[in-house]
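Enquirer: What follows is a predicted structure for the sequence shown.
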Amino acid sequence: MKNITILFCLFTSVTNLFLPTSFAALPKVQNDSRTLLQDILNLPSQNRLSIASQQGGRFYQDLLALSFSDKEPMSMRWKALTLAAQVGQQKAVPELKKASRHSLWYMRNAALVAMNEINKDEAYDMARTLLKDKALVVRSAAAEILSQFKNPSVRDLFWEELYQDYNKKKNQSLWIRGQILGYLSQHPQAHERSLFASLLKDQDLSVQKESIHALEKITGKVLGTNEMSLTKKVSLWQSETSSAKK
């Protein structure tokens, strides 16, 4: 606590300097401020936010400048951007939108995570866009955020993404397909029965498993036993769904 107090006092001494609020006009962080910012960002998250919430506009602007600095490492830029969002709240929305279009995947990812904390509506729109991002980690984060919204349009989007080539590699599933199907199987719809049944043939075991969970909820049936292998359960459900079509 003593060290935190010292850091707080040191930083307070430099917060009276004026800095333009326009993002395009953000100057570079001065060396002394940069060192202090790094010390604060290296604190545990709870202490970080506690100190940051007591600072003025200069601190917020310095955080933004640091987060968009190409000279800083990924971990520091991530912490700076997410902390800036916590400090700036709705004021940070435009900056997070800019970060969501950044060339570096971790900036887009940080923007999405931060936006989800301060503005759910904006996070929803951003996640819909980033669900098609070129980086798998970003797509996965987008899927997680969209899973919070229980509406038909999200389900339609998830079904669409499940079959996209960029969610496979050499005909093998990437982890996001199992993740997406896990969300879809939580509240499966009766009209989706044939869709889940068709996925029993998928090579991804996690997809097969979630498809069975969905079919159990839709039909109210449980085929096989807990000890039975997934392969045998898939075979039972394939027979069941084939019989249902006749």
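Expert: Okay, I see it.
Enquirer: could I get stretch 190-197 in CSV with only the CA atoms?
Expert: Only the C-alpha atoms of stretch 190-197 are listed here, as CSV (Å, rounded to 0.1, in the frame of the first residue of the first chain):
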residue,chain,number,x,y,z
ALA,A,190,-37.1,-27.8,-32.5
HIS,A,191,-36.8,-26.7,-36.1
GLU,A,192,-33.0,-27.1,-35.8
ARG,A,193,-33.3,-30.9,-35.2
SER,A,194,-32.2,-31.8,-38.8
LEU,A,195,-29.2,-29.4,-38.6
PHE,A,196,-27.9,-31.0,-35.4
ALA,A,197,-28.6,-34.5,-36.8
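Enquirer: If you count neighbours, what's buried in it?
Expert: By 16 or more other CB atoms under 10 Å, the buried positions in stretch 190-197 come out as 192, 193, 196, 197. To be clear about C-beta, it is placed using only N, CA and C from the backbone, and glycine gets the same treatment.
Enquirer: from these, which ones fall inside helices?
Expert: 193, 196, 197 (DSSP state H).
Enquirer: now, among these, which is nearest to residue 157?
Expert: Of all these, residue 157 sits closest to residue 196, with 17.0 Å by CB to CB.
Enquirer: dump the residue contacts of the closest one.
Expert: Going by CB atoms under 8 Å, 6 or more residues apart in numbering, residue 196 touches 185, 188, 211, 214, 215, 218.
Enquirer: If we use 6 Å, what do you get?
Expert: 211, 214, 215 (CB atoms under 6 Å, 6 or more residues apart in numbering).
Enquirer: Tell me the one among the residues you listed nearest to residue 115.
Expert: Nearest member of the contacts of residue 196 to residue 115, counting by CB to CB, is residue 214, at 30.1 Å.
Enquirer: isn't that closest one right up against residue 185?
Expert: Yes: in this structure residue 214 lies within contact range of residue 185 using CB atoms under 6 Å: 3.9 Å.
Enquirer: Would you mind putting the contacts of residue 196 into JSON lines with pLDDT alongside?
Expert: Converted to JSON lines, those look like this (pLDDT from 0 to 100):
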{"residue": "211", "pLDDT": "95"}
{"residue": "214", "pLDDT": "96"}
{"residue": "215", "pLDDT": "96"}
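Enquirer: PyMOL command for the buried members of those?
Expert: Here is the PyMOL command that selects only those of those that count as buried (16+ other CB under 10 Å):
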select buried, resi 211+214+215
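Enquirer: Mark which of the contacts of residue 196 are part of helices, please.
Expert: 211, 214, 215.
Enquirer: between the residues you listed, which is closest to residue 178?
Expert: Distances from residue 178 to the ones in helices among the contacts of residue 196, taken by CB to CB, are shortest for residue 211, at 10.4 Å.
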